[in-house]
Structures are given as C-alpha cells and as structure tokens.
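> here is a sequence with its predicted model. Questions after.
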Amino acid sequence: MQMVPLLILIFVFYFILIRPQAKQAKQQEEMRKNLQKGDRVVTNGGIVGTVISVRDGDSSLMIRSDETKLEVLKSAVTGVTDKGSAVKSA
C-alpha cells in the first residue's frame with residue numbers, strides 16, 4: 001500500500017516531464033537532419049542566416065550579404081524560420 005503513491009508520482013513525472021522533453025529532442029534532431037540549402041535558420045547564439053551548404057557535422061550560413069559566411073555545427077541550429085527561400089550560389 002505504501003508503494004502506490006510512489007508509483008503514481010513516477011507515472012506523473014514520466015508523462016509531465018520526461019516524455020514531452022524526449023519528444024521535443026526527437027523533433028529537434030529530425031529538423032537538423034532535414035536541413036537543406038535555402039532554409040532560413042536561427043542558431044542557439046541568436047544568429048539568423050540562410051543555409052548555403054550542408055555537410056554531415058556542420059552547415060554553412062550566409063548572413064545578410066554574400067561576403068559574410070559562417071560555419072556552424074548542426075547542433076547549434078535551434079529552428080528553421082523559412083523553408084527553401086531562394087539563395088544565390090556561393
């Protein structure tokens with residue numbers, strides 16, 4: 001009988017904290033896996049840019065002009081703001 005409250009607490013923690021966090025992590029990983037040239041993205045440092053190339057571990061971003069390019073890790077990309085906008089060749 002003393003185990004019932006503990007089991008209920010574990011059940012509640014799983015469905016309120018652990019499961020949503022795992023689902024969000026899976027969505028982030030899927031978004032990073034599907035990055036394509038032309039996607040407008042935001043990094044965890046707050047940099048907004050357009051993807052100009054994608055490789056296994058990193059991607060190159062163009063920031064506002066053709067002369068400013070950054071290479072960032074895919075893990076630094078936190079979101080895609082616009083899918084497949086037009087990008088000039090680099």
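Now that the structure is in, tell me what you want to look at. Note that the structure is a prediction, hence the values are computed from the model and not measured. Residues are numbered from 1 along each chain as shown.

> list the contacts of the lengthiest helix in the chain.
When the chain is scanned for its longest helix (criterion: DSSP state H), the result is helix 19-33. The contact list for helix 19-33 (Cβ atoms under 8 Å, 6 or more residues apart in numbering) reads 74-75, 77-80. Where C-beta positions appear, they are placed from N, C-alpha and C, glycine not excepted.

> just the buried ones among those, please.
74, 77, 80 (16 or more other Cβ atoms under 10 Å).

> sort those residues by pLDDT and name the bottom one.
Ranked by pLDDT, the buried ones among the contacts of helix 19-33 bottom out at Lys74 (87).

> now that residue: closest residue in space, sequence neighbours ignored.
Leaving out its chain neighbours, the residue that sits closest to Lys74 by Cβ to Cβ, 6 or more residues apart in numbering is Arg32, at 4.7 Å.

> give me the number of residues near the one you found?
Residues lying near Arg32 (other Cβ atoms under 10 Å) number 18.

> which pLDDT does the model give it?
With respect to pLDDT, Arg32 scores 89.

> now do Gln36, the pLDDT please.
What the model reports as pLDDT for Gln36 is 88.

> helix, strand or coil for it?
coil (DSSP: H, G, I helix; E, B strand; the rest coil).
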